[in-house]
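1. Attaching a predicted model along with its sequence, questions to come.
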Amino acid sequence: MTAKAFVAWIVMMGGLTLQAGAQTDCPKITVDKGLETQVQQMVDARVTAKQGRTAFYAVQLNTGKTVGVDADMPVQTASVIKLAILYEAMIEVRAGKAKWDEKITLHPGEAVPGSGMLLFFDTPLTITLKDALTFMVIVSDNTATNLMIDRFGLDAINARVESLGLKNTHLYKKVFKPATGPMPADQPKFGLGKTTPREMATLMSYIGECRMQTGVSDGKPVFHVTDDADRAVCSVALNMLKDQFYRETVPRYLESADSTTNGVAIASKTGSLDAVRNDVAIVAGKTGPMVLAIFTYDNADHGWTVDNEGEVSIAKLAKVIVNGWSPLGLDGKPLVTGLGMGAQAGCPVSESAAGPGV
């Protein structure tokens, strides 16, 4: 072994030791049985009233408390799948394969309908990669999303998701564009994308805790010890999620008109279709950060108002979960890169989500 190779080996082993030391402090994942009974009743009530169905998973990262209903059921993502695009972009920027300020051009005829702003701009239009991702996250811009799919590639995004061990998460196609090439047999059922509540909660925790993947070992994702370069990338992404424009779901009853935590204690990505309302959020409670992945589907209310029943149901469920785990309310201080987890950063969000770190 050369001297250079030996030094590299020592650095790598040091990273392994640091990460392993951090994970020895990880809390045991435990189901909050009392809360589970309460939320199950809420889910059942929607079915009884023929309002729709709910699948969700929530975890408090520092305590390991979890609660869920149909947490491993594949569901339609709608725009929540854009979190997978965001994570791939983060990895590419960190690796130097993409830059926040690189130029992305929207050409005539490329804009698509639905949510967003770029549809209304004159073309050709050139913006930065960071601007395109910001549009995609904050206002769920469909045109910006397609630009990002072109930039990073469907295959690369899905390969990333698979390498993270998220076996039931998949981005099938561009938004408002027909599927192209060989498609999985279940694409017509799910449309744009599919996931499970547990898997999307896992992905959101990786973004919030700044777990930057470097590879795969023994079939599980490998993350290196977070450094300043990682934090710089993750901070940009987390700020996008904190600036989410659509706040009628998870934040609805948790933020108040005079609260100093508004816009700083919740980071989220929503997704909506006629019969679908979803929200995946990091919520900074005074007792510790929580990740909530809530999906409502087969909804009877297809309206597009702020009082859509599916959106209100998500908000009520989020309030019960957050109040149950953090009765003293929100605290924006932990909602920074790493989520204020310190030595506990990198703990699994479920029994199946653990991975080695280097």
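-> All right, it came through fine. Numbers count the residues shown, from 1 in each chain.

2. Met215 contacts His224, correct?
-> I think there's a mix-up here, since residue 215 is Gly and not Met. No: counting by Cβ atoms under 8 Å, Gly215 does not reach His224; the two are 9.2 Å apart. The way it works is simple: take the backbone N, C-alpha and C, and place the C-beta from them, glycine included.

3. More neighbours: the two, which one.
-> Neighbour totals were compared for Gly215 and His224, and His224 leads with 19 against 11 (other Cβ atoms under 10 Å).

4. Tell me the spacing between the residue nearest to Phe121 when sequence neighbours are not counted and Asp141.
-> Excluding the flanking residues, the one nearest Phe121 by Cβ to Cβ, 6 or more residues apart in numbering is Leu106, at 7.4 Å. Using Cβ to Cβ, to the nearest Å, we find Leu106 at a distance of 11 Å from Asp141.

5. if I look at the two, which residues touch both of them?
-> Contact criterion Cβ atoms under 8 Å, 6 or more residues apart in numbering; residues bridging Leu106 and Asp141 by contacting each: Leu118.

6. So, low pLDDT: which residues of the stretch 201-350 of the chain?
-> 257-258, 343 (pLDDT under 70).

7. just the strands in this protein please.
-> Using DSSP state E, the strands of the chain run over 30-31, 53-60, 65-69, 75-76, 103-106, 125-128, 170-171, 193-195, 213-217, 220-223, 266-273, 276-285, 288-297.

8. what comes into contact with the fifth one?
-> Here strand 103-106 makes contact (Cβ under 8 Å, 6+ apart) with 118, 121, 123-129, 131-132, 143, 147, 151.

9. What of the third one?
-> If you take Cβ under 8 Å, 6+ apart as the criterion, strand 65-69 is touched by 29-32, 35-36, 39-40, 43, 54-60, 197-198, 321, 325, 349-350.

10. Tell me how many other residues surround Leu61.
-> 25.

11. Let me see the contact set for the nearest residue to it once chain neighbours are set aside.
-> The spatially closest residue to Leu61, leaving aside those adjacent along the chain, is Pro289, at 5.1 Å (Cβ to Cβ, 6+ apart). By Cβ under 8 Å, 6+ apart, the contact list for Pro289 reads Gln60, Leu61, Asn62, Gly208, Ile282, Val283, Pro334, Leu335, Leu339, Gly340, Met341.

12. Okay, the first one and Ala281: tell me how far apart.
-> What it means is Gln60. Relative to Ala281, Gln60 is positioned 13 Å away (Cβ to Cβ).

13. Those two: who's more crowded?
-> Between Gln60 and Ala281, counting by other Cβ under 10 Å, Ala281 is the more crowded of the two (28 against 25).

14. confidence score at Thr17?
-> We have a pLDDT of 31 for Thr17.

15. What is the neighbour count of the spatially closest residue to Ser256 that is not a sequence neighbour?
-> Closest residue to Ser256 in three dimensions, ignoring its sequence neighbours and counting by Cβ to Cβ, 6+ apart: Asn262, at 7.4 Å. Asn262 has 16 neighbouring residues, counting by other Cβ under 10 Å.

16. Return the distance of Asn262 relative to Arg247.
-> For Asn262 relative to Arg247 (Cβ to Cβ), the value is 9 Å.

17. Any chance you could list residues touching both of the two?
-> Glu255.

18. what separates the closest residue to Ile266 other than its chain neighbours from Leu273, distance-wise?
-> Leaving aside its chain neighbours, Ile266 sits nearest to Pro251 (4.8 Å; criterion: Cβ to Cβ, 6+ apart). Distance, Pro251 to Leu273, by Cβ to Cβ: 20 Å.
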